[in-house]
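>>> Structure for this input, please:
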Amino acid sequence: MEWLEASTENCPVQRTLDVVGEKWTMLILRDAVNGVRRFDDFHRHIGLSEAVLSDRLRKLTSAGILKTVPYQEPGSRARNEYRLTRKGWDLWPALMALGQWGETYLLDPEDTLLDIRHTDCDAPVRVVVECSAEHSALNPWDVTARLGPGARRRS
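As a prediction, this is how the structure comes out:
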């Protein structure tokens, strides 16, 4: 069976985009990675409507990407903060890759918003693809894509 004959119903890219593939969702994740936790802070920083923000936070929470943690300011009602779960933090490389691509193709070097560096050596951080044998900085011509055990013929 060839790629074009295979059903994409169980494609991991498609399934991931079903959960996080909307602009506002990715911006919420970007802010969560950078320490934003409270509804009002997400709302103010990203600039989306309260209804859309509530919907996206609910979806990310039900998907197990964010978890709620109660907090209460003195004299105020109890509210929830939104914190990344392990599943949420596992999206960090994808966010880094999107940022790296944007810096390369859409921004001038002086327009970089965040200068992300390795804490131990202060070198700039970059995203690379590697195989499980730790051969790193692979490019598309270094890999072979084969249909996996879940591949099914298109109907």
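>>> ok, the residue nearest the centre of the chain to Leu84 distance?
By C-alpha atoms, centre = their mean, the mean C-alpha position of the chain lies nearest to Leu91, the distance being 4.0 Å. Separation of Leu91 from Leu84 (C-beta to C-beta, to the nearest Å) stands at 8 Å. From N, CA and C alone the C-beta is placed, and that goes for glycine too.
>>> Overlap of the contact sets of the two?
29, 65 (C-beta atoms under 8 Å, 6 or more residues apart in numbering).
>>> returning to what we had before: pretty sure the residue nearest to the centre of the chain is touching Val20, no?
Yes. Leu91 lies in contact with Val20 (C-beta atoms under 8 Å); the separation is 6.7 Å.
>>> Mutual contacts of the two, please.
29, 65.
>>> May I have the secondary structure class of Ala97?
helix (DSSP: H, G, I helix; E, B strand; the rest coil).
>>> Next, the contact list for it, please.
So Ala97 contacts Val127 (C-beta under 8 Å, 6+ apart).
>>> any idea how far it is from Glu103?
11 Å.
>>> which residues of the protein fall in helices?
With helices called from DSSP state H, the chain shows them at 12-20, 23-33, 39-46, 50-62, 86-89, 92-105.
>>> Val128 is nearest to which of those?
Counting by C-beta to C-beta, Val128 lies closest to helix 92-105 out of the helices of the chain; the figure is 9.5 Å.
>>> Can you check what angle separates the closest one from helix 23-33?
110 degrees (axes from the mean of the first three to the mean of the last three C-alpha atoms, to 10 degrees).
>>> Alpha carbons only: can I get helix 92-105 in CSV?
Presented in CSV, the C-alpha positions along helix 92-105 are these (Å, rounded to 0.1, in the frame of the first residue of the first chain):
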residue,chain,number,x,y,z
TRP,A,92,7.1,22.6,24.2
PRO,A,93,9.3,21.3,21.3
ALA,A,94,6.6,22.0,18.8
LEU,A,95,6.1,25.5,20.1
MET,A,96,9.9,26.0,20.0
ALA,A,97,10.0,24.7,16.4
LEU,A,98,7.2,27.1,15.3
GLY,A,99,9.0,30.0,16.9
GLN,A,100,12.3,29.0,15.3
TRP,A,101,10.7,28.9,11.9
GLY,A,102,9.0,32.3,12.5
GLU,A,103,12.3,33.9,13.5
THR,A,104,14.0,32.5,10.4
TYR,A,105,11.4,33.4,7.8
